[in-house]
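**Student:** Make a model of this:
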Amino acid sequence: MNRLLLVMIVCALGLSITSCHSRYGTPGTPGGFVVSGTVTGLTTNGLVLTDNGTNSVAVSANAPSFEFSERLESGGSYDVAIGTQPTGLTCSVTQGSGSNVQENVSDVSVSCAPETFVISGTIKGLTASGLTLQDNGRDDLTVAANSNSFEFSSPVAYGGDYDVTISAQPSGLTCTVSRAAGTDVTATVNDVTIACNATTYDVGGLISGLTTSGLTLENNAGDAIAVPANATSFQFTDPVSAGGAYDVTVATQPAGLVCSVGYGTGSDLQANVSTVQVTCASSTFTIGGVISGLTSNGLVLQNSGGDNLLVPAASSSFQFVTPVAYGGSYNVTVLSQPAGLTCAVTNGSSSNGTQNVVDVSVSCITNMVYIVVSSSGANGIVSPSTAQTVNPGGSVTFTATPDAGFAVDQWIVDGSEVQSGGSVYTLTNVSANATVAATFAQTTLSLSISSLALSVMDAGLNASLTGTPRQIIVTNNGSIPATNVAVNSGTPLPNGTTMTTTCVVTLAPSSSCSITITPGTQATSDCQFGSAATPSAVSVSADDATTVQSNVSVLSFGCIYQGGYVYSIDDTTPTTSGVGGAVAAPADASAGIQWYNGTYVTTNASSLSDGASNTQLIVAVQGGGSYAASLCATSAVSGYSDWYLPAENELSLVYANVASNAIGNFASGDYWSSTEYNANPLLQAWAEDFSAGGAQVYGTKSLVLGVRCVRRMN
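**Tutor:** Coordinates of the predicted model:
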């Protein structure tokens, strides 16, 4: 039997067995599940991958795949990330995370691409147009007048070279490039400088010991001049612009000699230069020294402004490749600092050297850095989520992304609020370790009314149908602004009915705006012919709030609304509420029943317009039994229990506005009202003859007449 199946059966029976553990994975991977994937573009060493921040694997150059040694338990999760980038490449992970793992993971993908660096710099004095720059003899860049910086469009690959030159001078000016060239690029280059001026200065100097031919000198990595044997001085052909820099180097050594340059560099030129010293000799001496504290890569030393030396991490000594001519000078400086360190040179210069130099000292110390971590509350995330290393006085930017329906509430640094809202926060002038957190909140929108009834504007039909505009008030009851507030009608409003709003994009906490509905002449769903009104849903939404809505109905006589046929509309109610009015039940409560319970008594139900009060009086006096008012008082129709027997004038409106239009299935005969006949209240009450055009009649309370109950809208 399959061993895994056997284990599952034993575990299900509750038997004791060591193998009853969730770490069992798929067959072939005892102890758990494998996390692996593919690798593309990895042409160098140095890549280290991590899983869940602890499990790591080093991936060699040209490896097509990887696999972590530690296994995942059943139901576990994985999160593959770049621990260390390989030299000269940038790698990224896709499909790197998952949870509730139930099988081997093999679809993680790591792709690597060459790292490239931008070549750029600064410009001063460019008051005219016409300047064109080149990098490595191509990538032409035309620079506009008054520009103070430049950047080539084509970056340089990791380990590549750059050589910035001027292919066209601007009109009336001479521009000079300094720090123009470099090799083995490992970082962005932004220190190339160009100075332009109408005034120029010559650069030259003295030469000693040049007994053979072949010496070639360059200034600023260009303007090469061949110096003949026995020459005692030199001057470059191309002058340098005022304010520019110069850097004299040996491009080609003469036969049998080694020449070195002293006093060969300078900046912000304001006069002719004649102090450069070129010393040539058949014997040379080397320049070197000791290094302490070099714990990272990136240190580049330079001798006399031209001989660059890349020093690897953990080195304790160094020596420049190019020797210096006997009697020449040297000047050791730091051209590029190593990562996270600051290095300084002591005892690094001298003139008239006559022996190998071994006592130049380079000391490196760790830069002070601070750790800034991010944190997020529920309902959103903050990125970057990993700890950020920041130099003293530096800055770091975080971005908060709320979940759907939420917004950023506060930015908090070390427990104190520093910013209200906003998706981005930048911590500046960092002077200590810090924690930056974002909180997220959801605001609450409320509407003043959930169902709004309006009257059609049809005073020609009835003076009470005035079509008064009515408002829905929207209030932000939350603690944060409601953003991207939008008002919509999901179901179209009736033709002629319009909707306007004062609600703008943002609604501040505790603030309100309004939606105004102005009815036209058409009722909702054309319900005036005896059908139910299907309301229009007016909704209010926001990015950080739950959508709320109000059901809007435009009513006319004959519409079915709140359990019955609308026969009365009161359009004088406050405009922030719905219309008043009343409805008649959808069917007769009785085809024939007496007004009283069998005993003649005056009930004082004398109101012609308030059937609800009349009904209460009648029931209070008559008590139990089966009679007209009691039927309505105890009726529960269409989910409503506040029915009553209409007063005489109310019954007249039922006939005029509903029954006379053949709506409501009314019988052709008499219907009781709740109003006692004023001339003989003991024995008689008012009724309405629906067969005679709604004529008001009265009769003895013992008569058997129809009953149609009514109720008031709310």
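**Student:** ok, now how distant is the closest residue to Leu72 other than its chain neighbours from Val101?
**Tutor:** Closest residue to Leu72 apart from its sequence neighbours, by CB to CB, 6 or more residues apart in numbering: Phe33 at 4.5 Å. In short, each C-beta sits where N, CA and C put it, glycine included. Using CB to CB, to the nearest Å, one gets 5 Å for the distance from Phe33 to Val101.
**Student:** Equivalent analysis for Ala113, please.
**Tutor:** 29 Å.
**Student:** Which one's more surrounded, these two?
**Tutor:** A count of neighbours by other CB atoms under 10 Å puts Val101 above the other of Ala113 and Val101, at 20 against 12.
**Student:** In contact with that one, which residues are there?
**Tutor:** Val101 makes contact with 33, 72-78, according to CB atoms under 8 Å, 6 or more residues apart in numbering.
**Student:** where does this protein have its least confident helix or strand?
**Tutor:** Lowest on mean pLDDT, DSSP states H and E among the helices and strands of the chain sits helix 3-12, with a mean of 37.
**Student:** next structured bit after that one?
**Tutor:** strand 35-40 (DSSP states H and E).
**Student:** and that next one, how far out from the chain's middle?
**Tutor:** How far strand 35-40 lies from its chain's middle: 30 Å, per CA atoms, centre = their mean, to the nearest Å.
**Student:** could I get the helix or strand that that strand is followed by in CSV with only the CA atoms?
**Tutor:** As assigned by DSSP H and E, the chain's next helix or strand after strand 35-40 is strand 47-51. The C-alpha coordinates for strand 47-51 follow below in CSV (Å, rounded to 0.1, in the frame of the first residue of the first chain):
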residue,chain,number,x,y,z
LEU,A,47,23.6,35.9,-6.6
VAL,A,48,22.1,34.8,-3.2
LEU,A,49,18.4,34.0,-2.9
THR,A,50,16.4,33.9,0.4
ASP,A,51,13.2,32.2,1.3
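**Student:** coming back round to it: test my guess that the residue nearest to Leu72 contacts Asn100.
**Tutor:** No: using CB atoms under 8 Å, Phe33 is not in contact with Asn100, being 11.1 Å away.
**Student:** residues shared between the contacts of the two?
**Tutor:** Common neighbours of Phe33 and Asn100, counting by CB under 8 Å, 6+ apart, are Gly76.
**Student:** When these two are compared, which one has more neighbours?
**Tutor:** Set Phe33 next to Asn100 and count neighbours by other CB under 10 Å: Phe33 wins out with 21 against 8.
**Student:** Strands along the stretch 551-700 of the chain, start to end?
**Tutor:** Assigned by DSSP state E, counting those that start in this stretch, the stretch 551-700 of the chain shows strands spanning 560-561, 564-570, 580-584, 590-593, 670-676, 684-689, 695-700.
**Student:** Need the overlap of contacts for Phe33 and Val101.
**Tutor:** Here Phe33 and Val101 have 72-74, 76 as joint contacts, going by CB under 8 Å, 6+ apart.
**Student:** Which of those residues sits closest to Gln169?
**Tutor:** Taking CB to CB as the measure, Gln169 lies nearest Leu72 of the shared contacts of Phe33 and Val101, at 65.4 Å.
**Student:** tell me the phi and psi of that closest one?
**Tutor:** phi -100, psi 140 (degrees, to the nearest 10).
**Student:** Name all residues that make contact with the residue nearest to Val619 when sequence neighbours are not counted.
**Tutor:** Spatial nearest neighbour of Val619, chain neighbours left out: Ala633 (5.1 Å); criterion: CB to CB, 6+ apart. Ala633 makes contacts with 615-616, 619, 643-645, as judged by CB under 8 Å, 6+ apart.
**Student:** The strands of the stretch 551-700 of the chain into JSON lines, with extra columns for mean neighbour count?
**Tutor:** Listed next are the strands of the stretch 551-700 of the chain as JSON lines, based on neighbours: other CB atoms under 10 Å:
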{"stretch": "strand 560-561", "mean neighbour count": "20"}
{"stretch": "strand 564-570", "mean neighbour count": "25"}
{"stretch": "strand 580-584", "mean neighbour count": "23"}
{"stretch": "strand 590-593", "mean neighbour count": "16"}
{"stretch": "strand 670-676", "mean neighbour count": "27"}
{"stretch": "strand 684-689", "mean neighbour count": "23"}
{"stretch": "strand 695-700", "mean neighbour count": "15"}
